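Peer 1: Generate coordinates for the sequence data below:
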Amino acid sequence: MFFNDYYRVSLYLAMSLKRRGIIAHVDSDSDDDLHVQANVAISRASTSVVTTVHSNQLAAKRQRVAEVQESCDAAEPELKDERDKVEQEKPKRKQGASVMMETFAQSFDVLQDAILATEIHHTITMALSKVSQIMRFQNWFQTVIAHRIDQHFQHRRPGSLAVRCPACPEIGFNIEKDVIDRAREDEAHKYTFFLSTDGNFRLQRKNKNNDEDDVALNNGNAYFVPTQAFKQYIDVVRSGKEDDSPTCPQLRAAKLQNVVKFKNAAVTSVVAFQCARHGFYLPQSIVDLVKGEAYSFTDFAFAYVLIELIWLRWILLSYDIWCHYHVNLVKRFRERFPTLAGVVSRVRGTIPKMHVVNYVLMCMLLYGFNYLPFSGETWGENIEGGWAEQNQSAGSTKEMNDGHRHDSLDDMFGYWNWMKLHNMPETLTRMYKNCIETLKIRENDFTSLTEMHDPKLIAKWKLMDKTPKKGKDGVVTSVYEVCIAGGPPTLNKTYQLLLKDQNESQGDDELVCLIHQGLYLEERQRSSKIKRSTTAATLASDQKLADDISGWWQKQITLLPSLQNEIDSTTADAVPEDLPLHLPSSFSADRREELGLVEAATVEFKLREGQAHDTLQDVRTAIKTVNANVHFKKNNVSGQGPNTRAQKHLNSLLAEKKDAVHRYQHTYKALLALGLSESDKALQPLNEQDAKSKDVTERRKLGDSKVRDPWFWHTGRPTGLSEEEENKWSIESAYNMFIRPHNATNELHLVDRVKWFRDQAALDRSREEKEILEEEFRRTIVSFTKMGEVWRKLVLGRSASYAAYAHEHAAMYDQLSVKAQRAFTKISELSKED
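Peer 2: Next up, the predicted model:
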């Protein structure tokens, strides 16, 4: 023990006991009386504790008191030598003594309350646990307060215990603000702070009796946010609806997290922020969650992270639910963290590379790393590796009290960061070598591809805008995706096209509207029938559907008088969902000709074709959703109760998939009745057992390359293509793209253009990665050098014990700096040789 520390801690303890009335007087200026007062305080505190425990604990505590007394007696000679130094430091100590003594007196009050309130049934294990917490607290006191290291990092939070990433940009430490301010926009990747966040559903805490006096001694000074501030925030924002139901298959798996949450969990998970490129947990970036990844909880941790990033021009966040999380992000910050609203509005968002493959195409184009400028080869999945390591502590931390759990997890996160700090030179070297190899290959491939095409064509492509565009219909177009005239003929697209054709030919569009409305009523009948089979249908809903069908019949008679007899013969007593709609597909070809429904049949065929592609997309989405949820259940759900709830949720998703298949089967049957060829390649029969795909959430297995997905994963071509269009479709379907023949482009190099843009994007990401890594090497060297200098400054005017500790750390950072410099020099020379 450092003797100066012993004086301070004794003083704070003595003051705490004075406030309780255990001792009568404390003289903070008298070091001579301090030793005696401390001994008296310790003896009286020990006596108070002994009276509340079993006799078998009494001897142990008396022995501990004797040991403390012995330590004090043994320290007496050295204390005399230290008194002169203490007298010299008194003026400095008095300046902050009042604030520091009051703060620590309150802290020791909490600990003393815990000791005095100990009941007979408390075990020695609990006592040792508290001793361990006090020792960690004392270690923080020695490093942060006693060494006064905060005065050298005034841009950081006071008292921070977090080990920080040396490679990420930190203004005032490893990079200056004017350097970032002068940087060009095309250099954004070099000075971007890459963030990553994710939830972990293993680091829970059981809902059990919690010792309210077992507080976290770190309490916001390490990786968790301050406990009391977080509780006050949650009390304010807990009420209210968080978000609407997401549509992405991967996001809908998040719903399963709430369904299967452990019934007896007071904390169901945590959310943490890391630097996305190196995997360091950030200071004050972790919060406890209840019932899944609630945005308001994540916002609180995000706000604490952004506090230290306010002067950075470029920030990028990787989050597996970013496409849904960001929708009202700025609005929430304006309401809850108004001073940070401007900062969060600058944040770009992405989805990690492994997650985005299971998302809808729109998310891939808008938020995928591969096509995102100034992102390098960042992939956003590093945080998953951190969780795999931290999950090893879940079995013990879930049993702990709240404060003890936070301190223990802080230690885990700190050790993780500490090991990464020491391995940073090797990590950057490995990343740089991989980058150089990949860059060389991509440069050769792109050069060869470019030389294959006419320079005029390349010049034309270079002028195209590479920013994805989202249309009013919600469809995203991009140069990185093959899309002839907007994609497959969906029902809405076909309907709008037919109306446009009628207007251009000055024809009557009422027939198109009539058939379109008939398909809508048919879908309502199907939904009503499903609802009647699961719940009791209401008279109001039945009557509304019956009235709408009756009104539609009247329109039919007006436009198609030949259906008068068919409609009059309809039994009106049937339930609404069984009433016939008399669409052209419900008649044979000969009967349609007799009734004069040939034109109506043509309109229905085109609308049904779009409807078929819509239902196929629903089938694909349902399959992805089931796969994502099965994968989550397999890896995150255990126990009979959670498995039962999870299976119930999965059954509802399987029912959705089955319903999508049935809707396609019904549409396909109608198309066959309207004249679709049974040998058509685009629209084929679909059985329930064929509604599957290779599961991309699982690792590749032997033989996967020989397994082909069912036909509907490669379709998108409507019927009636010319031979030239058929060949073009065949080439593009190999890339799993969709086209439609209406107004199709005549450009022969469409697929080549997409491949050229994709190869260019890959080359751009590799070039950015090289520049990012070179800048990270420089910042790492500066960080290690700066830390060595700071620790050497802390040696001045300190005792021998403090000086030794500071010299040790200075030497360590000097070695890391030299190691990083040598690695960067060596790898740069290899790069020049290549």
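Peer 1: Asn267 - how many residues pack around it?
Peer 2: To be clear, residue 267 is Val; Asn isn't right here. 19 (other CB atoms under 10 Å). Every residue, glycine included, has its C-beta placed from N, CA and C.
Peer 1: To clarify, my last question referred to His453.
Peer 2: Other residues near His453 come to 14 when the count uses other CB under 10 Å.
Peer 1: now the one 3 residues further on
Peer 2: Per other CB under 10 Å, the neighbour tally for Lys456 reads 8.
Peer 1: Could you pull out the helices in the stretch 601-750 of the chain for me?
Peer 2: Along the stretch 601-750 of the chain, the segments classed as helices by DSSP state H, counting those that start in this stretch run 640-673, 723-733, 750-793.
Peer 1: I should have written the stretch 101-250 of the chain there, sorry.
Peer 2: With DSSP H, counting those that start in this stretch, the ranges of helices along the stretch 101-250 of the chain come out as 124-140, 177-182, 227-237, 249-259.
Peer 1: which stretches of the stretch 351-500 of the chain form helices?
Peer 2: Assigned by DSSP H, counting those that start in this stretch, the helices in the stretch 351-500 of the chain fall at 353-356, 361-367, 382-390, 394-397, 402-422, 424-451, 455-462, 491-504.
Peer 1: Please identify the most buried of the helices of the stretch 601-750 of the chain.
Peer 2: Highest mean neighbour count of the helices of the stretch 601-750 of the chain: helix 750-793, a mean of 20 (counted as mean count of other CB atoms under 10 Å).
Peer 1: per-residue confidence averaged over that one?
Peer 2: In this model, helix 750-793 has a mean pLDDT of 92.
Peer 1: Distance of the closest residue to Cys435 other than its chain neighbours relative to Gly220?
Peer 2: Counting by CB to CB, 6 or more residues apart in numbering, the nearest residue to Cys435 once its immediate chain neighbours are dropped is Glu769, at 4.8 Å. When distance is defined by CB to CB, to the nearest Å, Glu769 is 35 Å away from Gly220.
Peer 1: Is Tyr281 bridged to anything, and to what?
Peer 2: Gln274 (DSSP bridges).
Peer 1: pLDDT below threshold where in the stretch 251-400 of the chain?
Peer 2: Within the stretch 251-400 of the chain, the ranges that satisfy pLDDT under 70 run 251-263, 292-293, 358.
Peer 1: now the strands for the stretch 251-400 of the chain?
Peer 2: 265-267, 269-275, 287-289, 315-319, 347-350 (DSSP state E, counting those that start in this stretch).
Peer 1: Least confident secondary structure element in this structure?
Peer 2: Here the helix or strand of the chain ranked lowest by mean pLDDT, DSSP states H and E is strand 738-739, holding a mean of 31.
Peer 1: before we move on, back to that, isn't the residue nearest to Cys435 right up against Gly376?
Peer 2: Yes - Glu769 is within contact range of Gly376, at 3.9 Å (criterion: CB atoms under 8 Å).
Peer 1: Just put the helices of the stretch 601-750 of the chain in TSV and tack on distance to Leu683.
Peer 2: Converted to TSV, the helices of the stretch 601-750 of the chain look like this (distance: least, CB to CB, whole Å):
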stretch	distance to Leu683
helix 640-673	6
helix 723-733	14
helix 750-793	23
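Peer 1: low-scoring stretches of the stretch 401-550 of the chain, by residue?
Peer 2: Residues of the stretch 401-550 of the chain meeting the criterion pLDDT under 70: 473, 482-509, 533-541.
Peer 1: how about a cut-off of 90?
Peer 2: Along the stretch 401-550 of the chain, the model assigns pLDDT under 90 to residues 402-403, 445, 448-449, 451-457, 469-550.
Peer 1: ok, what's across the strand from Ile351?
Peer 2: Beta-bridge partners of Ile351, as defined by DSSP bridges: Gly368.
Peer 1: and the gap between it and Val575?
Peer 2: Taken as CB to CB, the span from Ile351 to Val575 is 46 Å.
Peer 1: Please say which of those two ends up with more neighbours.
Peer 2: More crowded of Ile351 and Val575, by other CB under 10 Å: Ile351, with 26 against 14.
Peer 1: Relative to Trp314, how far out is the more buried one?
Peer 2: Ile351 sits at a distance of 18 Å from Trp314 (criterion: CB to CB).
Peer 1: what does Ala341 give?
Peer 2: Noted for Ala341: a distance of 17 Å to Trp314, by CB to CB.
Peer 1: ok, those two, which is more surrounded?
Peer 2: Trp314 (21 against 16).
Peer 1: Next up, the contacts around the more buried one.
Peer 2: 188, 191-193, 346, 348, 374 (CB atoms under 8 Å, 6 or more residues apart in numbering).
Peer 1: same deal with Val237?
Peer 2: Taking CB under 8 Å, 6+ apart, we find Val237 in contact with 296, 336.
Peer 1: Need the pLDDT of it.
Peer 2: With respect to pLDDT, Val237 has a value of 84.
Peer 1: And the one 4 residues further on, by the same measure?
Peer 2: With respect to pLDDT, Lys241 scores 54.
Peer 1: Give me the neighbour count for Ala800.
Peer 2: Number of residues near Ala800 (other CB under 10 Å) recorded here: 7.
Peer 1: Let me know which of the helices of the stretch 351-500 of the chain is the nearest to Tyr325.
Peer 2: Closest to Tyr325 of the helices of the stretch 351-500 of the chain, according to CB to CB: helix 361-367, at 10.7 Å.
Peer 1: Can you work out which other helices and strands pack against the closest one?
Peer 2: helix 322-325, helix 353-356, strand 476-477 (3 or more CB pairs under 8 Å, 6 or more residues apart in numbering; DSSP states H and E).
Peer 1: okay if I get those as a markdown table plus mean neighbour count?
Peer 2: Output for the helices and strands packed on helix 361-367, formatted as a markdown table (neighbours: other CB atoms under 10 Å):
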| stretch | mean neighbour count |
| --- | --- |
| helix 322-325 | 22 |
| helix 353-356 | 20 |
| strand 476-477 | 16 |
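Peer 1: Please tabulate the ones you listed in JSON lines and include distance to Asn434 as additional columns.
Peer 2: JSON lines is the format used below for those (distance: least, CB to CB, whole Å):
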{"stretch": "helix 322-325", "distance to Asn434": "26"}
{"stretch": "helix 353-356", "distance to Asn434": "15"}
{"stretch": "strand 476-477", "distance to Asn434": "31"}
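Peer 1: Any stretches of the stretch 101-250 of the chain with poor pLDDT?
Peer 2: 101-161, 201-202, 206-221, 234-250.
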